[in-house]
Structure formats: structure tokens, C-alpha cells
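Visitor: prediction below, plus the sequence it came from.
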Amino acid sequence: MGNKIKIGALVSGGGTNLQAIIDSCISGKVDGEMVFVGSDNPGAGGLKRGEKHSIPTFVVDYKKIIHGYKEKPEQTMPPEDFDLDEILSKQHLFPSESDSKRRRQYFITRAIAEAELLKKIHNHPVDLLVLAGFMRNLTPYFIDRFNTDPDHPRIMNIHPALLPAFPGVDGYGDTFRYGAKVGGCTVHFIDYGEDSGPIIGQKAFSITSDDTIEAIKEKGLRLEWELYPECIQLFAQRRLKTVKMAYRLENGKIYSKTIVKISK
Ligand code: GRF
């Protein structure tokens, strides 16, 4: 099989999704090869999973970078090509009325971390980057340098809820606490917002009155392990295309959204 795509993964935790993707590459369900596993967390179990399969691993210690900046902000320089105004004009992570000092600190520290990520990734070129339980938002600094062709996004994420419901860090918990009767998971390309990028695939499960949070997480994770490899395989087969759609609503307003079309 000469047509395998090269895949890189970023993880923060145990890495069961990473494992599902590695296993799918080995079994041939995905025409791909995992070529690196990176993490923001030196203790991430996903790094060990990578090592077990002799996949190169690396860490960019976000906590250390953020702490270093808080201690000595004047001595911590953002990357040379960092342009705060440009980033602020693109990002959708903070509302424009939010505390400007906090925003500045956030985007400077993230750009420092992301420049390091880009440097490490440079050693292992990939077709696709998958976020597999990576608990950091990537900012426009990283996204624009990695997605060099905006019409062909190549960073995927898996989210533990049926987006656009329950974005954020605790999708299954939020689904449970809301009393939703259906839960699920979503794979999407990332954009400049949090869990807001074009949806590639979703799987759903029923929630009954006996279900605990743990039961919901278990049902959801099992579906994640199927969904993520399926979506990656669609990418490997070049069947994913992003298209900007625009609709005129009854009130005359235009609603536009970039969506994923899956070809047969
Ligand atoms: C998954 O539920 C994923 O949807 C979320 O974080 C969790 C990661 O689990 N983003 P694992 O590290 O893949 O086991």
C-alpha cells in the first residue's frame, strides 16, 4: 500500500483514542502511519503508548512556559513572527471585551509553546495532525502555520459531545448534567474557535435514567474509538472537502458556515 498518509498526534492524557488510531493503522482500517506523538504534559499516558509502538514522542511543557511568563513577563519574548493584533483579529477564543492583559498573556504564552510544537513537528512532516485528548486550544499562530492552505484544513479534533452542544472541556459531564436524552461524540476540523470547526462525523447513544456520568463516558468513548479512525480514513481517501455555504434566512439575514462535504 503505497498511499498511506502520515499522521501526527497530540495528546494530554491516557491516549485511548490515540491507541484506537494506531491500531487502525496497523490493521489497515486506516491507510495511514502514526509518525509522532507529542504532548503538553510530560506525564501523559499517551506518550507511553507511542513509545510502545516505537513512535517518536516529544513534549512541549505548556505549564512551564506559562509559569515562566508569569514569573518574568519582561524577560519572556514571543516568537519573532508573532503579531498580537493579527492574532486578536482572527481568534474566537476570547470575547473582544475581555481583560486585555489576560488575553495578551494567553496569546503570547501559547505562541511560545506553539512555536516549539511547530519546530518539533518540522522534524516529522505529516499530512494530518490529530488532536486526541489534547486539552489545549491551538491559536491562529499555530493554525495558520500548519494549515498552509486554508481550503484544505488538516488538523482534526475529537470532542466528547454532539457539537454544537456542549463545547468545552467536559462534554460528557455537561451532557449528563443538562439531562440530555442523547449523548455522543464529534470529529471536526479545527478553526479559530473552541470546538467550532466544520464537523466531519458524529455518533450518538441513548441516555437512560439509570445512566451515571461514568456510564455515559464509557458509552461515548467506545464510539469515539470507532468514529475517529473512520473520519481519518475519509481524509486518507481524500473524500473530505470543506465548502463555504451561505443561506438567506426568513428574516433576510445571511447565515454562512464552512461545512465538510463527504464524497462517495
Ligand atoms: C476523550 O473523551 C476525547 O473526546 C476528549 O478527551 C478524551 C481523551 O481520552 N477530547 P483519551 O486520552 O483518548 O483516552
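Guide: Looks like it came in fine. Residues are numbered from 1 along each chain as shown.
Visitor: get me the contact residues on the stretch 151-264 of the chain for the ligand.
Guide: By CB under 6 Å from any ligand atom, the residues of the stretch 151-264 of the chain that approach the ligand are 158-160, 185, 221, 224. C-beta here means a position set from N, CA and C on the backbone, and glycine is covered the same way.
Visitor: correct me if wrong, but Asn41 is in a strand.
Guide: No. Going by DSSP: H, G, I helix; E, B strand; the rest coil, the assignment for Asn41 is coil, not a strand.
Visitor: which residues in the stretch 151-264 of the chain form strands?
Guide: With DSSP state E, counting those that start in this stretch applied, the stretch 151-264 of the chain shows strands at 155-159, 182-189, 199-206, 240-248, 254-262, listed in chain order.
Visitor: can I get those in TSV including mean pLDDT and distance to Lys64?
Guide: Compiled in TSV, the strands of the stretch 151-264 of the chain are given as follows (pLDDT from 0 to 100; distance: least, CB to CB, whole Å):
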stretch	mean pLDDT	distance to Lys64
strand 155-159	98	24
strand 182-189	98	29
strand 199-206	98	33
strand 240-248	97	35
strand 254-262	97	35
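Visitor: find the closest residue to the ligand in the stretch 151-264 of the chain.
Guide: In the stretch 151-264 of the chain, the residue that lies nearest the ligand is Pro160 (3.8 Å; CB to the nearest ligand atom).
Visitor: in the one helix or strand Ile66 maps to, what's buried?
Guide: In this assignment (DSSP states H and E), Ile66 forms part of helix 62-71. Along helix 62-71, the positions that meet the burial threshold by neighbour count (16 or more other CB atoms under 10 Å) are 62, 65-66, 69.
Visitor: same question for stretch 72-87.
Guide: Taking 16+ other CB under 10 Å as the basis for neighbour counts, the residues of stretch 72-87 that come out buried are 76, 78-79, 82, 87.
Visitor: likewise for stretch 156-176?
Guide: Residues of stretch 156-176 classed as buried: 156-163, 166, 171-176 (neighbour count, 16+ other CB under 10 Å).
Visitor: so which of the buried residues of stretch 72-87 sits lowest on pLDDT?
Guide: For these, the model is least confident at Thr76; its pLDDT is 84.
Visitor: three-state assignment of whatever residue of the stretch 101-250 of the chain ends up closest to the ligand?
Guide: With CB to the nearest ligand atom as the measure, Gly133 is the residue of the stretch 101-250 of the chain nearest to the ligand, at 2.6 Å. What three-state DSSP gives for Gly133 is coil.
Visitor: no further questions, thank you.
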